[in-house]
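A.B. asks: Got a predicted structure plus its sequence, pasted below:
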Amino acid sequence: MYLDFYRLNEYPFALSCEERYFYESAVHAEALANMTYTVQQRKGMVLITGEVGSGKTFVSNMLEAKLGLGATTVTVQNPPQSGKQLVRALASRMGLNTPSAADKMGMIDELQEHLVRLHHRGRLVALVLDEAQDLSNASLEELRLLWNWEQKGQRLVQIVLIGQPELRDRLTEAKWEPLRQRIVLSYHLGPLTAKDAAMYIAHRIRVAAGDDSRTVFTPHAKADIYAATNGIPRLINVLCDNALLAGYAQRMQTVDRPIIAEVLRDMTCWGLQATCEPTGRIYPASIATKE
């Protein structure tokens, strides 16, 4: 709607996870680098948590891109509610035949044989489970058993758990100690800093427009965006997109504080008092440390 007015080739703040739009903030770049290293070196399970909209799914998509064509990365976005569903999800996404009548042990045998063949060919296999806070107890237990599969001391599947902060709290329960001990990298994605939020906005506009955009967010407007969103990328996207729409309606190519105030008042359902999470931290060996 406003693309021609701002000389944009595409919508810069669309809620998508295209690799071109990934902004390597200090928080996200560190998380991605450590995830990639841990998976590639087959070090152990990875746990990534963050609030809604903090960029967890984007980081997991970037992990798949970093692992590249030399790896088989399976992403499961709808949490399986049983051990059988988990095994079926992994097997089917790896191209194995999983008829509805197949029994669990049969699928496990076929899947394990397939993973051994891939291992002999030197192929890395990564299983990424998004929204993992909603995994059932049976699925979590199945993950522990799946992690035990190995060949000559190397794990057949590298497992990455992506979830909201309650997943971290859940795994501190005593009954999940065996699973928790298998997690060697735990990282919490905090919000962007004020500086990173401003650079994030500029980055997305630059990707959408090249060097020809007439779109300008004033420094004060960026500061108000950060204050309203607490640096949560998804909220920044929503607010900036609506600000561009409001600016277009007023025929203003510069997005200033009055436009941001108007959008916050009339076009969003949050205010300036949202709570802010701590910045990202890395926990190399344990998830037991509380924020």
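C.D. replies: Okay, I see it.
A.B. asks: how near is R265 to N242?
C.D. replies: Separation of R265 from N242 (C-beta to C-beta, to the nearest Å) stands at 11 Å. Any C-beta I mention is one placed from the backbone N, CA and C, and that applies to glycine too.
A.B. asks: between those two, who's got more neighbours?
C.D. replies: N242 (19 against 9; other C-beta atoms under 10 Å).
A.B. asks: Now do the contacts for that one.
C.D. replies: In this structure, N242 makes contact with V263, M267, T268, judged by C-beta atoms under 8 Å, 6 or more residues apart in numbering.
A.B. asks: Could you turn the buried ones of these into a PyMOL selection?
C.D. replies: To isolate the buried members of the contacts of N242 in PyMOL, using 16 or more other C-beta atoms under 10 Å:
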select buried, resi 263
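A.B. asks: what residues go with each domain of the chain?
C.D. replies: Domain segmentation of the chain under automatic domain parsing yields 26-191+278-283, 192-266.
A.B. asks: can you tell which of these is closest to F5?
C.D. replies: Ranking the domains of the chain by distance to F5, with C-beta to C-beta as the measure, places domain 192-266 first at 5.1 Å.
A.B. asks: List the buried residues for stretch 201-213?
C.D. replies: Applying 16+ other C-beta under 10 Å to stretch 201-213 flags I201, A202, H203, R204, I205, V207, A208, A209, S213 as buried.
A.B. asks: pLDDT check: weakest of the contacts of N242?
C.D. replies: By pLDDT, T268 ranks lowest within the contacts of N242, coming in at 78.
A.B. asks: Would you confirm that that one belongs to a helix?
C.D. replies: No. Secondary structure assignment places T268 outside any helix; it is coil (DSSP: H, G, I helix; E, B strand; the rest coil).
A.B. asks: List the contacts of it.
C.D. replies: T268 touches A228, V238, L239, N242, counting by C-beta under 8 Å, 6+ apart.
A.B. asks: Tell me where the model's unsure across the stretch 1-150 of the chain.
C.D. replies: Scanning the stretch 1-150 of the chain for pLDDT under 70 picks out no residues.
A.B. asks: Would you state the strands of it in chain order?
C.D. replies: 45-50, 71-76, 124-129, 150-151 (DSSP state E, counting those that start in this stretch).
A.B. asks: and those strands, which is most packed in?
C.D. replies: Across the strands of the stretch 1-150 of the chain, the average number of neighbours (mean count of other C-beta atoms under 10 Å) peaks for strand 45-50, which reaches a mean of 26.
A.B. asks: contacts for that one?
C.D. replies: 31, 35, 38-39, 56, 59-60, 147, 158-165, 167-168, 171, 179, 182-190, 277, 287.
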